[in-house]
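*Asks:* Any chance you could fold what I've pasted below:
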Amino acid sequence: MARGKTKPKLTRATDLITRATLAQRDDTAKAMKSPTLRRTVQMAARALKRAEKTIARILKLVPPPSPIACKANCPWCCHIRLTASPPEVLAVLDHIHRTFAADDLAALKRKVANIDPFTRGRGGEERARQRLPCPLLKDGSCSVHAVRPLSCRAVVSVDVGACMRAYESRMRDPVPQHELQYQAANAIGYGMYAGLVDAGFKVENVEMNAALAIGLNDPDAGKRWLAGNDVFKPATELLTK
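*Replies:* Below you'll find the model as predicted:
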């Protein structure tokens, strides 16, 4: 490269994503070689923080065409099928048990139990047609926003009107997003999966509602998953017609 010239901003953003992905793979592999439930939750928390830092740097380098419209009380995208890695689910469950009051926890358990029979095993298109809300929504906002999965962090919109139209059309209408943010959050998720494989774990993507139903009903679900039990298998299966 000629002296005084710098890489284009898009290239620098792509390099940032690559470095963050590899760093997450190394961090996950190290944390999961001798895992405990606490180490697993802490590793997932670091992945979420790495995603936030990477996204912030990317948005500074390559801003979206319009300001990101996502904010509290804007739940239009929270009615589709959400998947996450088991460590992310365990981080959400840990947050719930540490921060929810007893009444809020009981209410969440009821919501999860009520929605689970309708959503478990349903594919993305069917879930979009159902238009059922994520049970973690409370008063139109995410009750676990601080630990929301990477899939949630990946999807942002620059047009709330488009989000409303997508909701009304059951996700048939497109939503303009910031592609680099989508790539960054998902790439860090891929890094986590690669690190899990490096540490000897099976790669699995679990559906959030079903995984919550399992975890909220089994206090030892995390420990059993770490011990090699296929605890979240029911949350990975799709119904066949």
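*Asks:* So which bits of stretch 119-136 are buried?
*Replies:* Thr119, Arg120, Gly121, Arg122, Arg127, Ala128, Gln130, Leu132, Cys134, Pro135, Leu136 (16 or more other CB atoms under 10 Å). Backbone N, C-alpha and C define where each C-beta goes, glycine included.
*Asks:* er, stretch 187-200 actually
*Replies:* Ala187, Ile188, Gly189, Gly191, Met192, Tyr193, Ala194, Gly195, Leu196.
*Asks:* sec struct for the fifth one, please.
*Replies:* For Met192, the assignment made with DSSP: H, G, I helix; E, B strand; the rest coil gives helix.
*Asks:* could you say which helix or strand contains the closest residue to it other than its chain neighbours?
*Replies:* Excluding its sequence neighbours, the residue lying closest to Met192 (CB to CB, 6 or more residues apart in numbering) is Thr28, at 4.9 Å. For Thr28, the host element (DSSP states H and E) is helix 9-31.
*Asks:* thinking again about what came up before, could the buried residues of stretch 187-200 be laid out in CSV, adding pLDDT and distance to Asn217?
*Replies:* Below are the buried residues of stretch 187-200 laid out as CSV (pLDDT from 0 to 100; distance: CB to CB, whole Å):
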residue, pLDDT, distance to Asn217
Ala187, 97, 33
Ile188, 97, 29
Gly189, 97, 26
Gly191, 98, 30
Met192, 98, 25
Tyr193, 97, 26
Ala194, 98, 30
Gly195, 98, 28
Leu196, 98, 24
